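[1] give me coordinates for this.
(one chain, ligands or ions: 2)
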Amino acid sequence: MSKFSDFNFSGHKALVRVDFNVPLNDKFEITDDNRMTAAVPTIQKILKDGGSVILMSHLGRPKDGPTDKYSLKHLVNHLIKLLGGVTVKFASDCIGSVAEEASKNLQAGEVLLLENLRFYKEEEKGDAAFAEKLSKLGDVYVNDAFGTAHRAHASTAVIAQYYPADKRMFGLLMEAEVGNAEKVLHKSEKPFTAILGGAKVSDKILIIENLMEKANNIIIGGGMAYTFLKAQGKEIGNSLCETEKLDLALELLAKAKAKGVALILPVDSIAADKFAADANTQLVSNDNIPAGWMGLDIGEKSVAIFSETILQSKTILWNGPMGVFEMAAFQHGTKAIANAIVQATAQGAFSLVGGGDSVAAVNQFGLADKVSYVSTGGGAMLEYFEGKVLPGIAAIKG
Ligand SMILES: Nc1ncnc2c1ncn2[C@@H]1O[C@H](COP(=O)(O)OP(=O)(O)O)[C@@H](O)[C@H]1O
Ligand SMILES: O=C(OP(=O)(O)O)[C@H](O)COP(=O)(O)O
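    Ligands and ions are numbered 1, 2, ... in the order given. Down below sits the predicted model:
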C-alpha cells in the first residue's frame, strides 16, 4: 500500500470510499455532519494535488433497491458547502454507463458523488463482479471509511484486490483513527484506564476481556454495572440485569483480580421508581437498592471514585455512558465523568472517546474538542478494541 500523504494525485482519478452514513431528518436535512467533515482533508489533498475525486458511500440500510429516502443526492449541497464551492457532480447510479460516463468526463479539481452503494445487494454481499465494476471508475483506491471498516463489503474490502499495492491506500481519516486506536491499545502511556458503560454486558464482554491485557484500570458504569453488582450478591432492585451473564461477570471479576487489573464498580446510584424522565428519584447505596427501584445513573461517591482514577491516568479510553444521559435527571454522572476526562486531558493525558452514545454525550455537553480524539466509528471502533482484524483495514494492507 502507498502512504496517502506521500502520493501525488496529479492527473489521477481517485476512487474514495467514505462513510457518509449521516442522519437525515424528515426534510432530508443532515442533523449531524461529523462524518462528512471528517473526510474533507482527504478530499482536499487530492484536489490540491491536481487530481479528481470519485466518492462512494452507503447511506442507511435500504432493503429494496433505489429509494429516494436513502439517496446520496441529499448530501450534494452540503458537500459543496464543506468543500468551499468546489464543483460536485452527482451520478444517479454507482456502476454502469451513468457512473462510467460521469467519471470519464470528470476534470481535475472536481468531485463526483456516486449514488448509494447499498442500492445494489451485491455491495453487502461482497460481490466480486460488482467490486470490479466499481474499480473501473478510478485508477487509485483510497479507503477513508473507518465507520464501515468492520464490514467485509464490496466497496470496503473486496475492491482492493483490483488495484496494485501502490495504488491503494488509507485516507487521512482512516490513518488518524487507526493511529489513535493503536496508540491506546499498543503504545499507551500508563496508567491506562478504560471506562465502559452503556446498557449491555453481552455487547462489551469481548472488549472487557481484551482490555484486561492492556489496561491498569477498568471502570464499569451505566446499566452494565448492575449485572456485576448482582453477581457479587448485592440487591439491585429493578436495575438492568442480564441474568444469564451473572457467572460470566464473576469470572471477569476473578480474572481481573488475577491479572492485577483494578475493575472498579460504582458504589452508589441515582435510583428511580420508573424508567421515565419524570420518575421519583433518590440517591442510594449500591449495597442495597430498594425493591422496585432501578439505578439509572451513578451517584456522587461513584463519581468521586471514578474521577480520582481518571485524573491519575495517562491514557483514557471511554465507551458507553454512565447513565441514561438522554434524560436530564440521569445525565449528571456521564457529564461529571466527561468533565474528569477533559480535566485529565488538560493535564496531559491522551483520551479517546468512541461509540455512538458516548460521542453523542460529549457532543451534547460541548466537550468534543476538549478530549484528544473522538472516533467516527461506532461498531468499527468496538470491534477494533475487541482485538478483531477489520476487513477494511486488512484489504488495503493486502
Ligand atoms: N443504568 C442504566 N439503565 C438503563 N440504561 C442505561 C443505564 N445507563 C446507561 N444506559 C443506556 O445505555 C445506552 C447506551 O449504551 P451503548 O449502546 O452500549 O453505548 P455506546 O453507544 O456509547 O456504545 C444509552 O441509551 C443509555 O440510556
Ligand atoms: O453507522 C455505521 O456504524 P455505527 O452505527 O456502528 O456507527 C456505519 O456507517 C456502518 O453502517 P452499518 O452498521 O449499516 O453497516
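[2] skipping its backbone neighbours, what lies nearest whichever residue of the stretch 51-200 of the chain sits closest to ligand 2 in space?
    Proximity of the stretch 51-200 of the chain to ligand 2 (Cβ to the nearest ligand atom) peaks at Gly147, 4.2 Å away. For glycine as for every other residue, the C-beta is placed from the backbone atoms N, C-alpha and C. In space, and not counting its chain neighbours, Gly147 is closest to Asp19: 3.7 Å by Cβ to Cβ, 6 or more residues apart in numbering.
[3] could you do Phe4 as well?
    The nearest residue in space to Phe4 (Cβ to Cβ, 6+ apart) is Met169, at 4.9 Å.
[4] pLDDT (mean, whole number) over the helix or strand encompassing that neighbour?
    Assigned by DSSP states H and E, Met169 belongs to strand 168-170. Strand 168-170 carries an average pLDDT of 98.
[5] return the distance of that strand from the chain's centre.
    When C-alpha coordinates are averaged (Cα atoms, centre = their mean, to the nearest Å), strand 168-170 and its chain have centres 20 Å apart.
[6] what's it packed up against?
    For strand 168-170, the elements it packs on are strand 140-143, helix 391-397, judged by 3 or more Cβ pairs under 8 Å, 6 or more residues apart in numbering; DSSP states H and E.
[7] hmm, who's touching the next helix or strand after it?
    Under the assignment DSSP H and E, the closest C-terminal helix or strand after strand 168-170 is helix 172-186. The contact list for helix 172-186 (Cβ atoms under 8 Å, 6 or more residues apart in numbering) reads 4-5, 38-39, 41-42, 45, 143-146, 149, 170, 192, 214, 315, 317, 350, 352, 372-373, 375-377, 381, 384-385, 392-393.
[8] same deal with stretch 163-171?
    By Cβ under 8 Å, 6+ apart, the residues outside stretch 163-171 that reach it are 1-4, 7, 16, 18, 39, 42, 135, 139-144, 160, 178, 393, 396, 398.
[9] just give the nearest non-adjacent residue to the residue in the chain that ligand 1 sits nearest to, would you?
    Of all residues in the chain, Gly198 sits closest to ligand 1, at 2.3 Å by Cβ to the nearest ligand atom. Among residues not flanking Gly198 along the chain, Gly320 sits closest, at 3.2 Å (Cβ to Cβ, 6+ apart).
[10] and that neighbour, what pLDDT?
    At Gly320, the model reports a pLDDT of 93.
[11] returning to that earlier point: return the per-residue confidence for the residue of the chain closest to ligand 1.
    Per the predicted model, pLDDT is 93 at Gly198.
[12] what does the one 3 residues further on give?
    Turning to Val201, the model gives it a pLDDT of 88.
[13] ok, it touching Lys245?
    Yes - counting by Cβ atoms under 8 Å, Val201 touches Lys245, with 4.8 Å between them.
[14] between those two, which is the more surrounded one?
    Remark: of Val201 and Lys245, Val201 carries more neighbours, 26 against 20, as counted by other Cβ atoms under 10 Å.
[15] how many neighbouring residues does the closest residue to ligand 2 within the chain have?
    Nearest to ligand 2 in the chain, going by Cβ to the nearest ligand atom, is Gly378, at a distance of 2.4 Å. If you count neighbours by other Cβ under 10 Å, Gly378 ends up with 18.
[16] hmm, Ser358 and it touching each other?
    No - counting by Cβ under 8 Å, Gly378 does not reach Ser358; the two are 9.5 Å apart.
[17] how about Leu206, what does it touch?
    Glu386, Gly387.
[18] and the helix or strand where it lies with helix 172-186, angle?
    For Leu206, the host element (DSSP H and E) is helix 201-211. With axes from the mean of the first three to the mean of the last three Cα atoms, to 10 degrees as the basis, helix 201-211 and helix 172-186 are set at 70 degrees to each other.
[19] start at 318, not 1
    Let's use 318 as the start, then, which means that last one is helix 518-528.
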